[in-house]
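Chemist: Quick one: sequence and predicted model below, then my questions.
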Amino acid sequence: MKKILLLGDIHANYPALKAIEQYIRPDRFDWIINTGDFTVYSTFPNETIKWFRKRKKAICILGNTDLRVLRILKGKKLKKPSKEEKRVMYFWTSENLRPKNITYLKSVPEQTEFTVGGLRIGIFHGTRLDPDEELVPSAPETRYRQLARGPAFQVHIMGHSHVPFYKIVDGVHFINPGSVGRMFDGDPRASFAILNVGSGKISVEHFRIPYPVEEVVRGLKEQKLPDIYAKMYRIGKKLN
Ligand SMILES: [Fe+2]
């Protein structure tokens with residue numbers, strides 16, 4: 001039996017990541033997956049990246065927010081997002097990332113795969129076909145069928161929608177652990193999942209755990225970042 005910790009959409013919320021670490025002890029896992037969006041919207045991108053950088057068992061991909069930060073660092077123009085309060089979060093992140101973490105982020109792929117007990121597991125930020133797709137459990141069955149076809153991944157681990165779910169379509173397992181650090185559903189607790197794989201069998205457990213939200217609020221206030229984010233973290237909802 002292999003135990004795999006599924007994390008994603010941390011968005012630089014290190015207090016939430018630490019709370020998960022204290023709750024589950026990551027060292028007992030065979031792998032630690034991160035479905036992307038290490039950065040942006042809270043003030044701990046360096047602590048978050050370092051946490052993964054120092055773990056040999058970590059398998060990470062980039063998300064759309066990380067790609068935009070890398071774009072800024074390359075001196076390219078940032079077309080999206082257009083809202084000033086969002087842009088400020090991206091520029092703050094790119095200005096405050098430490099060189100070692102920038103080098104690491106540049107080395108992380110946009111999608112990857114690995115094999116456990118004969119099962120081919122793909123890791124995608126959005127979906128296998130579109131890194132910006134926000135796949136939710138209520139998406140049409142036909143979309144799941146399309147994703148299940150083609151390259152024979154038996155398991156798809158995805159992020160981006162921030163919606164935790166587990167669904168089996170045409171024998172293919174679709175798992176989203178939800179967002180560690182930026183909730184959209186009105187529940188401010190951190191979300192993550194555990195995937196157990198053994199002799200062809202799969203089981204998934206989802207968790208929601210509390211974390212010190214006020215540490216995130218304090219970080220935002222200290223850096224004089226838009227007040228709307230403090231409110232978002234407190235209520236666990238997207239407001240912009
Ligand atoms: Fe995200």
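Modeler: Everything's here; your move.
Chemist: how about the closest residue to residue 91 other than its chain neighbours, what does it touch?
Modeler: Spatial nearest neighbour of residue 91, chain neighbours left out: residue 72 (6.6 Å); criterion: C-beta to C-beta, 6 or more residues apart in numbering. In this view, the C-beta of every residue, glycine as well, is placed from N, C-alpha and C. For residue 72, the contact set (C-beta atoms under 8 Å, 6 or more residues apart in numbering) comprises 78, 90, 91, 94.
Chemist: before we move on, what about residue 29?
Modeler: Taking C-beta under 8 Å, 6+ apart, one finds 3, 4, 5, 57, 194 in contact with residue 29.
Chemist: rewinding a little: three-state assignment of the residue nearest to residue 91?
Modeler: helix (DSSP: H, G, I helix; E, B strand; the rest coil).
Chemist: same thing with residue 204?
Modeler: Residue 204 ends up strand, using three-state DSSP.
Chemist: Restricted to buried residues, select the contacts of residue 29 in ChimeraX.
Modeler: One line in ChimeraX is enough to select the buried members of the contacts of residue 29, burial here meaning 16 or more other C-beta atoms under 10 Å:
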select :4,5,194
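Chemist: Nearest to residue 41, out of the contacts of residue 29: which one, please.
Modeler: residue 5 (22.1 Å; C-beta to C-beta).
Chemist: Bridged to the closest one, which residues?
Modeler: In this entry, residue 5 is beta-bridged to residue 32, residue 194, by DSSP bridges.
Chemist: quick one: it and residue 39, what's the gap?
Modeler: Separation of residue 5 from residue 39 (C-beta to C-beta, to the nearest Å) stands at 20 Å.
Chemist: which parts of the protein sit against the ion?
Modeler: Residues of the chain lying close to the ion by C-beta under 5 Å from the ion are 9, 37.
Chemist: Show me which helix runs longest in the chain.
Modeler: helix 84-96 (DSSP state H).
Chemist: Residue 77 - how many residues pack around it?
Modeler: Residue 77: 6 surrounding residues under other C-beta atoms under 10 Å.
Chemist: Output the helix or strand that contains residue 157 as CSV, nothing but the C-alphas.
Modeler: Secondary structure assignment for residue 157, by DSSP states H and E: strand 155-158. C-alpha atoms of strand 155-158 as CSV (Å, rounded to 0.1, in the frame of the first residue of the first chain):
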residue,chain,number,x,y,z
VAL,A,155,-5.8,8.5,-12.1
HIS,A,156,-6.0,12.2,-12.8
ILE,A,157,-5.0,14.5,-9.9
MET,A,158,-6.0,18.0,-10.6
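Chemist: which residues touch the helix or strand just after it?
Modeler: Past strand 155-158, further along toward the C-terminus, the next helix or strand under DSSP H and E is strand 165-169. Strand 165-169 is contacted by residues 136-137, 141, 144-145, 147-148, 173-176, 193, 204, 206 when judged by C-beta under 8 Å, 6+ apart.
Chemist: Sounds good, over and out.
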